[in-house]
Structure formats: C-alpha cells, structure tokens
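Asker: quick one: sequence plus predicted model below, questions after.
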Amino acid sequence: MVTYDYYRIFYYVAQYRSFTRAAEALNNNQPNITRCMNNLEQELGCKLFVRSNRGVTLTPEGRRLYIHVAVAYEQLRAGEQELRNDCSLESGTIAIGASETALHLILLDRLSAFHSQYPSVHLRITNDSTPQAISALRRGLLDCAVVTAPTDVTRPLRETRLLSFREILLGGTQFRHLATGTHSLRDLLQYPFISLGGNTSTYAFYQKLFLKHDLPFHVDIEAATMDQVLPMVEHNLGIGFFSETLAAQAIEQGLVYPIAVRESIPDRAVCLIEDASHPQSIAIRAFKKLLCAEKPEAETPPAATRPG
C-alpha cells in the first residue's frame, strides 16, 4: 500500500538524487529509504530510478510522477507553514463589525493591546449599526461583532455583555436654559430631537423608552452614525442622547449642556456577538480572550458641573 511517507521520501530522493542524502535530510537511514523506494516501485509497477555509483536519476516514469508529487508536497508544506504561523499568531485575519459607541468605549483600547501583542495579525474593522453587524455576522462576513444593545440575537448567535454605559440628554448653547431644573420627556417633545434612524439599536432603545411613557419618539434630525450626533448637538440643530463618558470633554468645554430628565434612563450595554455554529480561528480566540479578560464596571464619569 502506497503511503504519504513513500511520496515524501520519493520527493527528497528526487531532489537530492541520492538515497543517502535524502536519508540525512529526513533524519532516517539509507537502508530504510532504499526499502521504501523499492516498495513504491513495486506498488506502481514501474522503475522510478536509475541507480549508479554516482547516485540516482529519475526514469521517464519517475520524472512524470515527480511533476505531480512536487506540486502536491510543496502545497502540503505551504499549508503546514500557514498553520504554524496561525498557531503562533504570525499571520491570520480578524474581521470585526463595530458600532461607533462600542469602538470608542472599549474596542479601540483592546484593539491597540492586541495589535501590540500580535502585529502580524491583519485586522479588518467595519463601521456598522447593530442590525447591520448582526446581519453580516449571520452571512459569515464577520468573525464577530462588538455593538450596542439591544441586539435581540437568537441561536446560533451568542451575546456576551462587555460594558455598561450611561447616556444623557444634551443640548447646545441655544438650549442652555434646559440645563436648569428637571424636565419630563413630554415637556421635551416640543424641541427637535437628534438621533440615529429607524434601523438601529439606538432608535429601538429610545422608541421603547418613550412608548413606556405613552409618548412617540419622533426624530427630527436623523444621523447616519453616532459620531455625527454630538457635533449636531454642539451646532444647535437639536437635543440628543449621547454617552456621558464620550461627551465629558464637550461638557467641560461648555460646548454642550446636560439636560436632566425626570424619567429614569436605563443603562445601555456594549456586547460581543459571535456565531456559535462557526468554528473560530486561533487569532479570533486570542482576541476574544483579550476582549473579555477584564469586564469593566459600568462607566461612572465625574458628574458634570451644571451652569447656574
């Protein structure tokens, strides 16, 4: 029976044109190499080598076989090397779908740490809303998603909570008068609201909150990404909810002002979403371990000083 080892030995004998040198390269012995090649010739029913005192040369049949064996063996060696590189994280690619809030609150720091540790792993980050990232993950276009809740994932997708964060209502200088006192959501309906559009987890979160109080959530100015919301608030296009941590600098600089809301605003969450039905590469498992290693407590930034 012809085995892989026979073809591997054949490859080395053909390369070195010597049973002895092939044995040395394979950490084997010359009699065993000769025996294996005799067996291969018997199995194939033809002579593969012309033996002489100066070594061996390939017969026409041996040359034809070598063409195929060389391609196959070199492909196998390349595959083995790729696996070794992957195991040592000297190669590999990770595709991550991320929302802006998740990117700024947790993902950038973890990506920086991972890249410092494994600089040869290629990172591909897409800017997605939560539904877009989950859809791409279901279609096999991503290895994982790091997004804001609510996610409403179902099997085979799996959700891991990474971070809790608080959003507050903000207004620009023209809405500074709202920074005094406490306002009900109903009172605030008279002002233009800035938010993400309907097919986002942020819209779903606030629509549910407003409906809980029998109020409509009407978006007057629809932002494509969360990164657009704060500049729009700063430029007095309306009021909008935004991460307290990410707005801290703008609040300190007096560009925006917190607006106290009478109703309780639940904390939101950043979550890791994975497809449990798909096997994970060594690279994504290493990244996941780093991402989930230390689950931060809910963000608790210093309370912003309200102007009088």
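Answerer: On my side now, so go ahead. The shown structure was predicted, so the numbers you read here are calculated from the model rather than taken from an experiment.
Asker: so C271 sits in a strand?
Answerer: Yes: residue state for C271 (DSSP: H, G, I helix; E, B strand; the rest coil) corresponds to a strand.
Asker: beta partners of it?
Answerer: Judged by DSSP bridges, the bridge partners of C271 are V147, R161.
Asker: is it true that it touches R161?
Answerer: Yes: between C271 and R161 there is a contact at 5.5 Å, judged by Cβ atoms under 8 Å. (Each C-beta comes from the backbone N, C-alpha and C, glycine too.)
Asker: list the contacts for R138?
Answerer: L157, D275 (Cβ atoms under 8 Å, 6 or more residues apart in numbering).
Asker: do R8 as well
Answerer: Neighbour list for R8: L26, Y73 [criterion: Cβ under 8 Å, 6+ apart].
Asker: does it sit in a helix, a strand or a coil?
Answerer: Here R8 is recorded as helix under three-state DSSP.
Asker: go on, the one 3 residues further on?
Answerer: Going by three-state DSSP, the secondary structure assigned to Y11 is helix.
Asker: distance of the residue of the chain positioned farthest from its centre from M37?
Answerer: Relative to the centre of the chain, the most outlying C-alpha is that of N53, 59.6 Å out, by Cα atoms, centre = their mean. Relative to M37, N53 is positioned 17 Å away (Cβ to Cβ, to the nearest Å).
Asker: now stretch 167-184: buried residues?
Answerer: E167, I168, L169, L170, G171, G172, F175, R176, L178, A179, H183 (16 or more other Cβ atoms under 10 Å).
Asker: residues contacting the fourth one?
Answerer: Listed by Cβ under 8 Å, 6+ apart, the contact partners of L170 are 230, 233, 239-242, 247, 250-251, 256-259.
Asker: switch to 6 Å and redo it
Answerer: Contacts for L170 were tallied using Cβ atoms under 6 Å, 6 or more residues apart in numbering; they are V233, F242, A247, V256.
Asker: likewise D220?
Answerer: The contact partners of D220, by Cβ under 6 Å, 6+ apart, come to P192, F193, G238.
Asker: skipping adjacent residues, who's closest to the last one in space?
Answerer: Once flanking residues are discounted, G238 sits nearest to P192: 3.5 Å by Cβ to Cβ, 6 or more residues apart in numbering.
Asker: mind pulling up the pLDDT for the one you found?
Answerer: Looking at P192, its pLDDT is 97.
Asker: tell me the mean pLDDT over stretch 110-123?
Answerer: With pLDDT averaged residue by residue, stretch 110-123 scores 92.
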